[in-house]
Structure formats: C-alpha cells, structure tokens
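In: structure here, sequence nowhere to be found:
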C-alpha cells in the first residue's frame, strides 16, 4: 500500500515546477515592448506637455491619417490655451481635412516648437530636428536620430540639422607623463 500523505508534497513540487517552467520569460517580453528612443525630459512641465502633443500630431501625419491629425491638433490646441501662436497653428491643422494641407501647416508648427525647445532644451535626452531632402522648408522634430518623415511617411527622406539636449561625452583619460614618477614632483 502506498502512503498518500508522503506523495502529495512530491506531486505539488512537480506541478509547481511545470507551472513555472511553461511560462514565457517576462524579461524578453519587456524588452520587446520598450521604446527604442529615450524620451527627453524638460525642466518645465508645460514644455514637455507641448512636445508630447506635437509628437501626437506628427505620428498621425507619419501614418497619413488626416482624421487622427485633426483630433491630435484639437487636443494640442485645447490643452495649451487659445492665446498663443502654437494654439492658432494647431487650430488650423484641426480645421483642415486634407493631409497635404495639414502637412504644410505642420511645417510652421514644427518651426515654432523648435524655437520653444531652443529656449527650453531638454535637461535629459535629446530632440533631433530634421529637414526634408526634397523640400528644405519641411521641418520636423523627433526623439531619435532615425528619420520618419511626417510629409511622406518615408524613413529615409530627411537630413538631421540640429540636436537639442545634453550630449553624452566619454570621460577624458588623463595623459600619463613620460617622466619617471620621481621626476614628476
């Protein structure tokens, strides 16, 4: 006769082992969901908020989605108030239903946001400013050096012309004196 009480712990250990062994690795899942770019941090929360809303509009234009660009521009305009040039530009994008016209208005918005970020650059992370290779008046901002043009959705149709934020430099190595240590004093 088999003693049931002595076999239960063994069965429980086996079930627990199988339960944990069959689960996918969480670390791989987290790495796949991480954004590839470091999001810039601004000292002033309002600047950060404006930049985030700007990226929402840009994302809609990259995707070629005029309706989403209108919605994003509406959120941008409502959230920053009605008494600024940025708000007026967002309102113009919101009112326009044709993607090509939205993109032309976005150029002016990009230039104005760039001016704001030059006055209030990120204290951590970087903002990259690009010009279109086909039309140098077309400007846009991004969190990474990879180019996603909001003007035609292409990945390679832009040239980096400015980087805002702190540059990360390697610590310089001190040169060693060639004199023997007794002569350095």
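Out: Happy to help now that I have it. Quantities reported herein were computed from a predicted structural model and do not represent experimental measurements.
In: longest helix of the chain?
Out: Longest helix in the chain, counting residues (DSSP state H): helix 99-119.
In: shaky segments in this protein?
Out: 1-37, 83, 153-157, 167-185 (pLDDT under 70).
In: please enumerate the strands of it.
Out: Assigned by DSSP state E, the chain shows strands spanning 126-132, 139-142, 158-165.
In: turn these into a markdown table, columns for mean neighbour count and distance to residue 52.
Out: Bear in mind the C-beta positions are built from the backbone N, C-alpha and C, glycine included. Formatted as a markdown table, those follow (neighbours: other CB atoms under 10 Å; distance: least, CB to CB, whole Å):
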| stretch | mean neighbour count | distance to residue 52 |
| --- | --- | --- |
| strand 126-132 | 20 | 12 |
| strand 139-142 | 24 | 12 |
| strand 158-165 | 15 | 15 |
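In: using JSON lines, lay out the ones you listed together with distance to residue 101.
Out: Formatted as JSON lines, the strands of the chain follow (distance: least, CB to CB, whole Å):
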{"stretch": "strand 126-132", "distance to residue 101": "16"}
{"stretch": "strand 139-142", "distance to residue 101": "16"}
{"stretch": "strand 158-165", "distance to residue 101": "20"}
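In: residue 60 is nearest to which of those strands?
Out: Relative to residue 60, the nearest member of these by CB to CB is strand 139-142, separated by 12.5 Å.
In: run me through the strand neighbours of the closest one, direction for each.
Out: strand 126-132 (antiparallel) (DSSP bridges).
In: now do the helices in the chain.
Out: In the chain, the helices defined using DSSP H lie at 4-21, 26-33, 45-62, 66-80, 85-95, 99-119.
In: would you mind giving those helices as JSON lines with distance to residue 139 and mean neighbour count added?
Out: Output for those, formatted as JSON lines (distance: least, CB to CB, whole Å; neighbours: other CB atoms under 10 Å):
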{"stretch": "helix 4-21", "distance to residue 139": "52", "mean neighbour count": "9"}
{"stretch": "helix 26-33", "distance to residue 139": "30", "mean neighbour count": "8"}
{"stretch": "helix 45-62", "distance to residue 139": "11", "mean neighbour count": "19"}
{"stretch": "helix 66-80", "distance to residue 139": "17", "mean neighbour count": "19"}
{"stretch": "helix 85-95", "distance to residue 139": "13", "mean neighbour count": "19"}
{"stretch": "helix 99-119", "distance to residue 139": "5", "mean neighbour count": "18"}
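In: among those helices, single out whichever gets nearest to residue 131.
Out: Nearest of the helices of the chain (CB to CB): helix 99-119, 10.0 Å.
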